[in-house]
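Peer 1: Based on what follows, work out the 3D shape:
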Amino acid sequence: MRRRLQMLETFIIVTLLSGTAMPCLAQQKIIQGLVKDLHSEEPIPFASVFFKNTTTGKLTDSAGHFSFTLSSWPSDTLEISCVGYQPYFLLMNSAKDSITIEVMMERGTFNEGASVKVKVNKGLLLWRKIVEHKPENNRYKFYNFSYDLYNKLELDLKNINFERFGKLKPLKPISTLINQNIDTSEGQKYLPAFLTEVISTYYYQVKPEKRREVIRAINKNGVRNESINKLLGGISQIVNVYNNFIPVFDKEFVSPISDNGDYYYNYRVVDTQMISERRFYHLVFTPRRKGGDTFEGDCWVQAGSFAIQKMSLRLGKEANVNFLENLSMIQEYKMINDSTWFLSRDKFVADVSPIGKDKPGFIGRKTTTYRNVIVNDTSVANEVNKNKMLEEVITLPGADEKDKTFWADARHEPLNKTESGIIKMIDTLTHAPVFQKFTKTMNFIGTGYLDIGNYEIGPWYNWITSSGWEGLRLRFDIGTNKHFDKKIKFHTYLAYGFKDKKLKGMAEIFYLPDKDPRTFIYSSFINDLDFGQNYFGEITSDNLFAIAARKNGIPVKNIKVNEKRLEFFKEMTPWMSNKLALIHKSTLPLRNLLPIDSFKTSVGKPLTTFEVSLSVRFAYLERFLESHFYRSSLGSPYPVAEINISHGFPGVLKSSYSYTKLAVSISDDASIPPLGNISWIVFAGKTFGTLPYTLLDIAPGNELHYYNKYAFNMMNRWEFIHDKYAGINFEHNIGNGIFRLFPKLRFRQFWTVKTLWGSLTPENKALNFKQGHTFQTLDGKTYLELGTGIDNIFHLFRIDFIWRVLPSTLAKTGDKSFGIFGSIRVGF
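Peer 2: Coordinates of the predicted model:
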């Protein structure tokens, strides 16, 4: 009997499993997914996931995941919502039993919902607690620390209509190649430009402050410039949300947890969650005023310690930043012991559209992860004590020769499918001859130079110019490139004026035996007209763009220069360099200047000199962007000082004059948030000797309507001469200033001051102030220009309004006390 009962129970159980339970399992509906930010691709924690018009729902977990197992779909629509994002609606397919999705949430606003007045603002109270506990949670509280760092930087081109380009016959081959290698994984077309990876160890010590980074591995896909390697590490990319200001390109934005954050932000607590048995507050912040240098976003804050666990920052639509369609900055922190939070991951995504939304642009993505954090340890002190300077970046030998196996093991996080494909695509594109030809052509248009085998021609914008003295001027340049020789570069040009019927030219040799420390020898010969001060970023009269920019009614001065030069440059330390130069120079005034026969000499030829000069430059922690032969300064966090001393020797190669010159200058560009940024230069000099005007100090004037940052724009060239001088050039870019009342314009305000003091000895006056001269000297008086204007017009143009305030009387007919100047200034 018992056995029959056991058999009956078994039969019932089997029947239930096979006849009832199994059909139930077959009818189960399963949906699982991951909710992410469309722009940053970061998971969105604790987003609300509900079936519309039902009570069935839940929140995503701290990693953005969710899942439902149901007997049937509660409604035909799944709604996903989160503060700061537009709602997402998914129509359920009743025929499907299992659905796996990845939801990309588009950004909305953090201001949704009704505004309710409360007696106690919990968001403001929480912000105060965060600020109060900043000293305990900021990683710079430690005496020292170190960590292993993994940096991944990707740049993609976007919104380029390659089909349209392909209709143009010259671009058809490149269009076909690009379409074969384009990335459409995110629904839009992206062309990978490069993806680089760097693995390094970073060390920091507070007192005395020292920073050291040892780069152990570099994976350069699409990047050939070696100087970029050091810029891809951790030293130049430090962002700390606990600071009062956070850098965004060349601007400084107010941190949401700044000590004065309540002046710039509104705060709200929108949620409280338990994560790993710890309570966290969800704090949302929005700008109090439109058009300021502020973020919008949210952060998760641990209760008790009030430490940031994760912060997400983005720019609002009214932010006064150029060319940025979207920007995301995310920082995550993890506990390294029972009470200490330390940075574990940060991500920066910038969607740059220089010519407008949905137009061609690029997207940059930087992801950094931190591992093996060590704090307050003697091993860190021992490592930073190897520094000879406050900051050093060391690249280990063979860092750029690591194989795929090394990278597969060494990465802090594996590449996703898209990133792995990018590396293959970049390799295919960069080795394709048609793509190499295309990039060479684009480089020629942008820089002016074109490589042809072992040689280069250009710049093209100097090929055709015109002036009253030369008439139509044609010039052609040719030089060698790095394929001709790795250490020696030759360059020459010939120019011909069809009015003066004279051939001019220049030849130069540059020899670079060492890049670190930098050492070079330079030699040149030039026989051409003097075209004025040549400052980086400013145009001179030997330029196609200067033809239409010249001021009216100002006599054109022409002078011919015949110069031989030999220079020896040596970087003595990373912050000090010396340059010794030997210069033989003859000048010949041609028009509207005192002629050469006004100066008689007993030795040698008039207006001919032989000079030896020594220049010393001090630039602490200056960074450079280097090409194969040359380099451009990216600036220094400290003022830059220069000293130049030179002496003229008569009787050498028919030189006529004995003199000594001394010149010094100190300059700096500094950010002073929230008041914008300033740039200034203080300079002075003295010439000992009785000399013609060509050897005295000629105050830098500007005879173009194009604004020159380094010249006195209401002063003409050759107007003021001195043998003793001092001056100040100061510019303050305020930011939006008064234009914050009109945030949609995105205009910016600035003001400038340029002043000069100078004098001329009686002996030099007697020699140069002869009949027919047009020179002036300040005689100890003050020359003063004041200016203001509008910057960032259409993100590109700047207008300067300049007043010549002093001297109060204008000595010459035609001098004006007010002028309007235009220029092109590109910046974020």
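
Peer 1: tell me the pLDDT at the residue nearest the centre of the chain?
Peer 2: Nearest to the mean C-alpha position of the chain, counting by CA atoms, centre = their mean, stands residue 249 at 5.4 Å. Residue 249 carries a pLDDT value of 80.

Peer 1: That one - nearest residue in space that isn't next to it in sequence?
Peer 2: residue 828 (4.0 Å; CB to CB, 6 or more residues apart in numbering). All C-beta atoms are positioned from the backbone trio N, CA, C, and that covers glycine.

Peer 1: I figured that neighbour hits residue 247, correct?
Peer 2: No - contact criterion CB atoms under 8 Å: residue 828 and residue 247 do not qualify, at 10.7 Å.

Peer 1: show me the residues around residue 392 that make contact.
Peer 2: Residue 392 sits next to 211-213, 386 when contact means CB atoms under 8 Å, 6 or more residues apart in numbering.

Peer 1: hang on, I meant residue 301
Peer 2: Contacts of residue 301 (CB under 8 Å, 6+ apart): 126, 130, 280-281, 283, 307-309.

Peer 1: Helices along the chain, start to end?
Peer 2: With helices called from DSSP state H, the chain shows them at 2-15, 22-26, 122-132, 134-137, 162-166, 172-180, 228-231, 261-264, 378-384, 404-410, 417-430, 433-447, 762-768.

Peer 1: need the helix or strand of the chain with the lowest average pLDDT.
Peer 2: Lowest on mean pLDDT, DSSP states H and E among the helices and strands of the chain sits helix 2-15, with a mean of 41.

Peer 1: burial measure for residue 500, as a count.
Peer 2: 17 (other CB atoms under 10 Å).

Peer 1: One more: residue 756?
Peer 2: Residue 756 has 23 neighbouring residues, counting by other CB under 10 Å.

Peer 1: what sits against it?
Peer 2: For residue 756, the contact set (CB under 8 Å, 6+ apart) comprises 699, 712, 720, 725-727, 778, 782-783.

Peer 1: got the phi/psi numbers for the residue nearest to the centre of the chain?
Peer 2: The phi/psi pair for residue 249 (degrees, to the nearest 10) reads phi 60, psi -120.

Peer 1: And residue 82, by the same measure?
Peer 2: Dihedral angles of residue 82 (phi, psi; degrees, to the nearest 10) stand at phi -160, psi 150.

Peer 1: quick revisit: test my guess that the residue nearest to the centre of the chain contacts residue 826.
Peer 2: No - using CB under 8 Å, residue 249 is not in contact with residue 826, being 11.7 Å away.

Peer 1: I'd guessed residue 480 sits against residue 455; true?
Peer 2: Yes - between residue 480 and residue 455 there is a contact at 5.8 Å, judged by CB under 8 Å.

Peer 1: For the two, indicate the residue with more neighbours.
Peer 2: Legend: neighbour count by other CB under 10 Å for residue 480 and residue 455, higher for residue 480 (19 against 14).

Peer 1: Check the burial of the closest residue to residue 827 other than its chain neighbours by counting its neighbours.
Peer 2: The shortest distance from residue 827 to any non-neighbouring residue, by CB to CB, 6+ apart, is to residue 250 (5.8 Å). A count of nearby residues for residue 250, using other CB under 10 Å, gives 12.

Peer 1: which ones are touching residue 278?
Peer 2: 302-303.

Peer 1: number of nearby residues for the closest residue to residue 381 other than its chain neighbours?
Peer 2: In this structure, residue 381 finds its nearest non-sequential neighbour in residue 144, 5.8 Å apart by CB to CB, 6+ apart. Per other CB under 10 Å, the neighbour tally for residue 144 reads 20.

Peer 1: Strands of the stretch 501-650 of the chain, start to end?
Peer 2: Using DSSP state E, counting those that start in this stretch, the strands of the stretch 501-650 of the chain run over 502-515, 518-529, 558-573, 576-591, 608-618, 623-626, 631-635, 640-648.

Peer 1: Work out the gap between the fourth one and the centre of the chain.
Peer 2: Strand 576-591 has its average C-alpha position 34 Å from the chain's average C-alpha position, going by CA atoms, centre = their mean, to the nearest Å.

Peer 1: Direction included, what does it pair against?
Peer 2: As defined by DSSP bridges, the strand partners of strand 576-591 come to strand 558-573 (antiparallel), strand 608-618 (antiparallel).

Peer 1: From residue 485, how far out is residue 383?
Peer 2: In this structure, residue 383 and residue 485 are 39 Å apart, going by CB to CB, to the nearest Å.
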